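Undergrad: Prediction below, plus the sequence it came from.
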Amino acid sequence: MSTTATKAKAKAAHGAARTLQLANPHLSGDDVKQAQQLLSAGTFGNFNPGSIDGEFGPATATAIKQAKWMLGYPTKACNDVFGPQLAGFLQGKPLPAVFKLRRNRRLKQAAGQAGVRSKIVELARWGIQNELSIHYQQRWAGSKVDPNGGNFTGAYTGTMLQHCRHIPKSAVQPGDLVVWGAYPGHHVALVLQAGSDPLLCSHGQEKGPIAISFSAESKYQPSPATWLACLP
């Protein structure tokens, strides 16, 4: 066997044996990059793994969990482990019948969540238009499910950072959140419009809520900025 063939066989064996998941320090390599490419442009669309850079960070871990959820994996199996089975599904291998049933049910659930997002943004815009009658201590809820894990009680930026799903900026949608500052966080705002410089609804003092761009609000807030999904 040639030296080239031997190296290729060893590389293939290494790739097949390695389990990809979030670790400290982060895993890196061509196999991570290939996983990111499948998560961003596979058969089932873009799960937003972040930069295709070959480094397995939190965004890639979140994308794997989301992919498993939307492909119909059992709830307990929706973890951040990337292996041959998931790679095969993302490349077009047929889903098992039970996976298809769960996937269809979850797609219907996701369609319903789109209406919740719209309601959240609608309430935020109403608050901006009626700023004089809104007080900082008031709270509004537009969803029956608390992504913060607290049944709409005892929530603050720290619990949001712990319980809400972390997403890359590129995956942000209207209704999502951004928290400034390292844990336990300093300030949170809600996304009104996505884009390269998202428009936000910010309410951090008695005056407000106000509409402000992410770049403008960031001038007054500490780094880092962490983007969070408003729905599980």
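TA: Great, that's in hand. Numbering: from 1, shown residues only.
Undergrad: switch to C-alpha atoms for all contacts and neighbour counts from now on
TA: Noted.
Undergrad: So which other helices or strands are in contact with the top helix by length along the chain?
TA: Using DSSP state H, we find that the single longest helix of the chain is helix 97-129. Identification of packing neighbours for helix 97-129 by 3 or more Cα pairs under 8 Å, 6 or more residues apart in numbering; DSSP states H and E yields helix 58-71, strand 187-193, strand 199-202.
Undergrad: Just the residues contacting the longest one, thanks.
TA: Residues external to helix 58-71 that are found in contact with it (Cα atoms under 8 Å, 6 or more residues apart in numbering): 21-22, 36, 39, 47-50, 75, 77-82, 86, 95, 99-100, 102-103, 106-107, 165-168.
Undergrad: about what we covered before: mean neighbour count, mean pLDDT and distance to residue 157 added to the helices and strands packed on helix 97-129, as CSV?
TA: Shown next, in CSV, are the helices and strands packed on helix 97-129 (neighbours: other Cα atoms under 10 Å; pLDDT from 0 to 100; distance: least, Cα to Cα, whole Å):
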stretch, mean neighbour count, mean pLDDT, distance to residue 157
helix 58-71, 23, 90, 18
strand 187-193, 23, 90, 7
strand 199-202, 25, 90, 14
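Undergrad: Show me the one of those that comes nearest residue 230.
TA: strand 187-193 (8.8 Å; Cα to Cα).
Undergrad: Now find how far off-centre the closest one is within its chain.
TA: 15 Å (Cα atoms, centre = their mean, to the nearest Å).
Undergrad: Can you give me the buried ones in stretch 171-191?
TA: For stretch 171-191, a neighbour-count test (16 or more other Cα atoms under 10 Å) marks 171-181, 185-191 as buried.
Undergrad: center of this structure, which residue is that?
TA: Geometric centre of the chain, nearest residue: residue 167, 2.9 Å, by Cα atoms, centre = their mean.
Undergrad: Where does pLDDT dip in this structure?
TA: 1-17, 114, 131-155, 204-208, 232 (pLDDT under 70).
Undergrad: do that again at 50, thanks
TA: Scanning the chain with the threshold set as pLDDT under 50 gives 1-16, 135-143, 152, 206.
Undergrad: For it, which segments count as helices?
TA: Under the criterion DSSP H, the chain contains helices at 3-17, 30-41, 58-71, 84-90, 97-129, 157-163, 214-218.
Undergrad: Let me see the domain layout of this protein.
TA: As given by automatic domain parsing, the domain ranges for the chain are 17-95, 115-228.
Undergrad: Endpoints of the last one, how far apart?
TA: What it means is domain 115-228. Using Cα to Cα, to the nearest Å, one end of domain 115-228 lies 18 Å from the other.
Undergrad: From the chain's centroid, how far away is that domain?
TA: For domain 115-228 - counting by Cα atoms, centre = their mean - the centre lies 15 Å from the chain centre.
Undergrad: quick one: the longest helix of the chain to helix 58-71, angle?
TA: Using axes from the mean of the first three to the mean of the last three Cα atoms, to 10 degrees, the inter-axis angle of helix 97-129 relative to helix 58-71 is 120 degrees.
Undergrad: what angle separates helix 97-129 from strand 187-193?
TA: Counting by the same axes, to 10 degrees, helix 97-129 points 100 degrees away from the direction of strand 187-193.
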